[in-house]
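> return atomic coordinates for the entry below.
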Amino acid sequence: RNLGIDISPLNIGVRYMKKNVQQQPDGSYVAFMVRMWRDSARSQWRASAQSVHTGEVVRFASVPMLLHYLHSHVAHGATKDDPELEAAATEVETEED
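Numbers count the residues shown, from 1 in each chain. Sure thing, here's the model as predicted:
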């Protein structure tokens, strides 16, 4: 019976990490929950990255786009309004608690 509660291990892990992992004020530590999937055996891999600190989820049409975003985020401190992110992401979603 579905009670509308998502208790999947990945979502429990993100909630645990949000409570127990502190973001460094100098930006020296970031954490993402990365997910990758395919719609079929022949389709391209897709990906998403969820910030452990903010809950924001960014979805990508390909793994190289995910890697581009992660590199940009670490190298330049990209945010959801950054042109680098807009070039790589297919969708940005903010988690509401």
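
> so where's the protein uncertain?
Across the chain, residues meeting the criterion (pLDDT under 70) sit at 1-27, 77-97.

> pull the longest helix from it.
Across the chain, the helix with the greatest residue count (assigned by DSSP state H) is helix 63-76.

> pull out the buried residues from that helix.
For helix 63-76, a neighbour-count test (16 or more other C-beta atoms under 10 Å) marks 65-66, 68-70, 72-73 as buried. Every C-beta, even on glycine, is put in place using the N, C-alpha and C of the backbone.

> and the helices in the chain?
9-20, 63-76, 83-88.

> what would the longest helix of the chain look like as PDB? C-alpha coordinates only.
Provided in PDB are the C-alpha atoms of helix 63-76 (Å, rounded to 0.1, in the frame of the first residue of the first chain):
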ATOM      1  CA  VAL A  63      26.500  11.800 -18.600                       C
ATOM      2  CA  PRO A  64      29.000  14.200 -20.300                       C
ATOM      3  CA  MET A  65      26.600  17.100 -19.500                       C
ATOM      4  CA  LEU A  66      26.500  16.000 -15.800                       C
ATOM      5  CA  LEU A  67      30.300  15.900 -15.700                       C
ATOM      6  CA  HIS A  68      30.500  19.300 -17.300                       C
ATOM      7  CA  TYR A  69      28.100  20.700 -14.700                       C
ATOM      8  CA  LEU A  70      30.100  19.100 -11.800                       C
ATOM      9  CA  HIS A  71      33.300  20.400 -13.200                       C
ATOM     10  CA  SER A  72      31.900  23.900 -13.600                       C
ATOM     11  CA  HIS A  73      30.400  23.800 -10.100                       C
ATOM     12  CA  VAL A  74      33.700  22.900  -8.500                       C
ATOM     13  CA  ALA A  75      35.900  25.100 -10.700                       C
ATOM     14  CA  HIS A  76      33.700  28.200 -10.800                       C
END
